[in-house]
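Asker: this is the structure alone, sequence omitted:
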Ligand SMILES: [Zn+2]
Ligand SMILES: [Zn+2]
């Protein structure tokens, strides 16, 4: 998938276009993502921050949630827009912020060891625990979802 796809926040103050690295959507069940998003965080890898075009940038709120990670949202309506590496080297854009979230294939669930027992997705996905995710991203030097 190399087309630019557009999206935005609930109130319309922030609009963006991003180029997904592939057509895949991953869901994170970690405690931080659940608190931040109010659900399981559904995200699409979209490369570096430089590759994302944002309109309404002055309305973006940024919360630094770990040594390396930041969470970006609309400061006006609170919509979750992306998780990103603080240095801008990687972005995971909220799947549901895109105008057509059905464009993505739901392939992966991460931090399943932190998933509450009272829900489960029926999709056939690859499931990874937090330690498995950190091991994988340590190889790629691309830690995720802190
Ligand atoms: Zn908004
Ligand atoms: Zn997470």
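Answerer: On my side now, so go ahead. Because the structure is a prediction, the values reported are computed rather than measured. Ligands and ions are numbered 1, 2, ... in the order given.

Asker: just the strands in the chain please.
Answerer: 5-8, 15-18, 24-28, 41-45, 53-55, 60-64, 69-74, 80-85, 91-94, 105-110, 126-128 (DSSP state E).

Asker: could you redo those as a markdown table and give each row mean pLDDT and mean neighbour count?
Answerer: Using the backbone N, CA and C atoms, a C-beta is placed for each residue, glycine as well. As requested, the strands of the chain are exported to a markdown table (pLDDT from 0 to 100; neighbours: other C-beta atoms under 10 Å):
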| stretch | mean pLDDT | mean neighbour count |
| --- | --- | --- |
| strand 5-8 | 98 | 19 |
| strand 15-18 | 98 | 20 |
| strand 24-28 | 97 | 23 |
| strand 41-45 | 97 | 24 |
| strand 53-55 | 97 | 15 |
| strand 60-64 | 97 | 13 |
| strand 69-74 | 97 | 21 |
| strand 80-85 | 97 | 22 |
| strand 91-94 | 98 | 24 |
| strand 105-110 | 97 | 18 |
| strand 126-128 | 97 | 15 |
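
Asker: buried set for the longest helix seen in the chain?
Answerer: With DSSP state H setting the assignment, residue counts place helix 130-140 as the longest helix in the chain. With burial defined by 16 or more other C-beta atoms under 10 Å, the residues of helix 130-140 counted as buried are 130, 133, 134.

Asker: so which of those comes closest to residue 66?
Answerer: Distance from residue 66 was checked for each of the buried residues of helix 130-140 by C-beta to C-beta. The minimum falls on residue 134, at 12.0 Å.

Asker: for that closest one, give its distance to residue 46.
Answerer: Residue 134 sits at a distance of 21 Å from residue 46 (criterion: C-beta to C-beta, to the nearest Å).
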